[in-house]
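Participant: I'll drop the sequence and a predicted model, then ask my questions.
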Amino acid sequence: MPRPDRGPVTRGLLFVLRAILTVLIVIDEIARPFYRPLIRRLAALRIVRRIEAAIARLPRLAILVLLAIPFAVAEPLKLLGLVLMAQDRFRTGLVVFAFAHLVSFLLVERIYHAGRHKLLTYRWLAWAMGLLDRLRRKLLDWVRSSAAYAFALRSRDAARHWWRSLRA
């Protein structure tokens with residue numbers, strides 16, 4: 001139910017924001033079965049476990065710098081991918097965008113996982129990560145309470161059922 005203290009422009013902008021977030025969350029839900037197993041397989045490799053152990057032994061500042069390097073490369077690449085897609089070079093932009101996400105998922109996530117304990121001894125980082133977690137949970141709750149999200153989940157479940165019926 002719309003709040004009476006919000007004007008039509010605010011309600012419209014919130015509707016658009018909720019729609020965009022719903023699409024992004026549903027895409028993440030669809031992609032998760034593909035990238036989570038990849039991350040688990042990567043994390044199980046002996047060489048990755050050794051690298052993570054070496055990272056965990058580093059001083060916290062070295063871990064922070066090590067984390068910042070792939071992050072500083074991946075984030076601008078994501079933007080570049082979007083710009084390329086907007087400039088009618090969709091395939092190239094999609095490849096750049098996907099590569100940047102892969103770097104984020106694999107490198108940044110593994111470095112953060114390995115050095116998390118030491119990194120969170122920085123009070124500012126622990127505060128920021130806590131804030132991001134709270135914001136993420138509130139946004140997810142907000143999106144999940146929408147009719148659009150419920151529709152997207154029903155559509156996803158119907159597509160899964162259809163796919164399984166084809167394979168049976």
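Facilitator: Thanks, I have the structure now.

Participant: From residue 137, how far out is residue 130?
Facilitator: When distance is defined by C-beta to C-beta, to the nearest Å, residue 130 is 11 Å away from residue 137. Using the backbone N, CA and C atoms, a C-beta is placed for each residue, glycine as well.

Participant: ditto for residue 155
Facilitator: Counting by C-beta to C-beta, the gap from residue 155 to residue 137 is 24 Å.

Participant: Find the helix or strand that the spatially most central residue of the chain is a member of.
Facilitator: The centroid of the chain falls nearest to residue 28 when counting by C-alpha atoms, centre = their mean (7.2 Å). Of the helices and strands defined by DSSP states H and E, residue 28 is found in helix 8-44.

Participant: right, and the helix or strand after that helix?
Facilitator: Proceeding C-terminally, helix 8-44 gives way to helix 46-57 as the next helix or strand, assigned by DSSP H and E.

Participant: what does that following helix contact?
Facilitator: Outside helix 46-57, the residues within contact range by C-beta atoms under 8 Å, 6 or more residues apart in numbering are 42, 43, 63, 66, 110, 111, 113, 114, 115, 117, 118.

Participant: Show the buried residues in those.
Facilitator: Listed as buried from these are 63, 66, 110, 111, 114, 115, 118; burial here means 16 or more other C-beta atoms under 10 Å.

Participant: Now do stretch 86-93: distance from first to last residue.
Facilitator: Counting by C-alpha to C-alpha, to the nearest Å, the length from the leading to the trailing residue of stretch 86-93 is 8 Å.

Participant: so what's residue 98 up against?
Facilitator: Taking C-beta under 8 Å, 6+ apart as the definition, contacts of residue 98 comprise residue 81.

Participant: Who are the packing partners of the helix or strand of the chain with the lowest mean pLDDT?
Facilitator: In the chain, no helix or strand scores lower on mean pLDDT, DSSP states H and E than helix 8-44, which sits at a mean of 77. Helix 8-44 makes packing contacts with helix 46-57, helix 109-119, helix 123-144, helix 147-167 when contacts are defined by 3 or more C-beta pairs under 8 Å, 6 or more residues apart in numbering; DSSP states H and E.
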